[in-house]
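> got a predicted structure here, sequence first:
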Amino acid sequence: METLRVHTPVIFTTRVSSKDLTLDADDDGGMVTIPKDTRFIIHPTMVHLDERNFDRAEEFLPERWVRWENGGWVDRDFEKEKKLAAGAASDKAATAAADPTTPTPPPPSPLSDKYTKENAHADTISAANPQSFFAFSDGARNCIGRRLAIMEMTIFLAVLFRDMCVDLAEEGYELVKERRFVILAPNTLPIAFWKRDE
């Protein structure tokens with residue numbers, strides 16, 4: 001999922017509004033109305049790489065989708081984590097209100113947002129909001145092959161990584177994406193495979 005978020009294959013999709021739509025335009029309560037029969041273009045990459053939708057949006061962080069729990073990987077639940085965070089914040093506010101001597105924690109250091117081996121786990125970022133992810137589009141006209149594609153990717157990668165190790169064959173290789181209507185694969189991608197030790 002994270003690969004599709006960062007490297008969304010389709011650059012844009014178009015839709016036509018079937019009725020008048022009124023949407024929030026900004027955080028200040030401004031509204032914008034889109035009249036019926038308006039054709040508009042949606043750029044998934046712009047949504048996927050917007051910090052308002054994903055923490056540390058420019059970084060490749062698969063932990064925003066899964067977490068290690070009880071000896072295995074499990075999907076993260078955005079809605080559940082959001083409710084838990086809101087409950088924890090209100091408990092903290094209630095404790096601070098009851099005890100005015102409670103010190104206010106300092107703002108986080110900008111360096112604490114960096115992805116390092118020490119903080120490379122799901123607790124450093126919020127869960128991905130599935131409503132802000134639409135590499136397969138969304139709604140009544142979304143990609144008919146979405147579930148099949150995700151299932152194929154999951155099975156392929158599970159079998160591949162069960163038996164093989166994979167790495168770039170050239171150190172410092174920089175992937176250059178060629179964008180047309182879809183992202184095109186590079187002519188060559190130097191990858192090394194070797195069998196895992198039993």
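In hand now; what should we look at? Residues are numbered from 1 along each chain as shown.

> quick check: Val66 touching Gly72?
No - using Cβ atoms under 8 Å as the test, Val66 is too far from Gly72 to be in contact (9.6 Å). For glycine as for every other residue, the C-beta is placed from the backbone atoms N, C-alpha and C.

> who has more neighbours out of those two?
The residue with more neighbours, out of Val66 and Gly72, is Val66; 17 against 8, by other Cβ atoms under 10 Å.

> need phi/psi at that one.
Main-chain torsions, Val66, degrees, to the nearest 10: phi -140, psi 160.

> beta partners of the closest residue to it other than its chain neighbours?
Nearest residue to Val66 in three dimensions, chain neighbours excluded: Trp73, at 4.7 Å (Cβ to Cβ, 6 or more residues apart in numbering). Using DSSP bridges, the bridge partners assigned to Trp73 are Trp68.

> what about Trp73, neighbour count?
Trp73, neighbours per other Cβ under 10 Å, totals 13.

> next one: Leu184
Neighbours of Leu184 using other Cβ under 10 Å come to 11.

> I figured the residue nearest to Val66 hits Arg67, correct?
Yes - applying Cβ under 8 Å as the test, Trp73 and Arg67 come out as touching, 7.3 Å apart.

> Ala158: which element?
Using DSSP states H and E, Ala158 maps to helix 146-163.

> what is the distance between that helix and the centre of its chain?
Counting by Cα atoms, centre = their mean, to the nearest Å, helix 146-163 is centred 19 Å from the centre of its parent chain.

> how about the strands in the protein?
All strands of the chain, identified by DSSP state E, fall at 13-16, 21-24, 31-34, 39-42, 66-69, 72-75, 164-168, 178-179, 183-184, 191-195.

> name every strand pairing with the second one and say which way it goes.
Each strand paired with strand 21-24, and its direction, by DSSP bridges: strand 31-34 (antiparallel).

> just give me the neighbour total for Asp55.
Per other Cβ under 10 Å, the neighbour tally for Asp55 reads 15.

> which phi and psi does it have?
Taking degrees, to the nearest 10, you get phi -60, psi 140 for the backbone angles of Asp55.

> again, but for the one 4 residues further on
Recorded main-chain torsions at Glu59 are phi -90, psi 150, according to degrees, to the nearest 10.

> show me where the protein has its helices.
2-6, 44-48, 78-98, 146-163 (DSSP state H).

> pLDDT on the last one, on average?
Just to be clear, that refers to helix 146-163. In this model, helix 146-163 has a mean pLDDT of 90.

> can you give the contact residues for it?
Contacting residues not belonging to helix 146-163 are listed as 1, 136, 143, 166, 195-196 [Cβ atoms under 8 Å, 6 or more residues apart in numbering].
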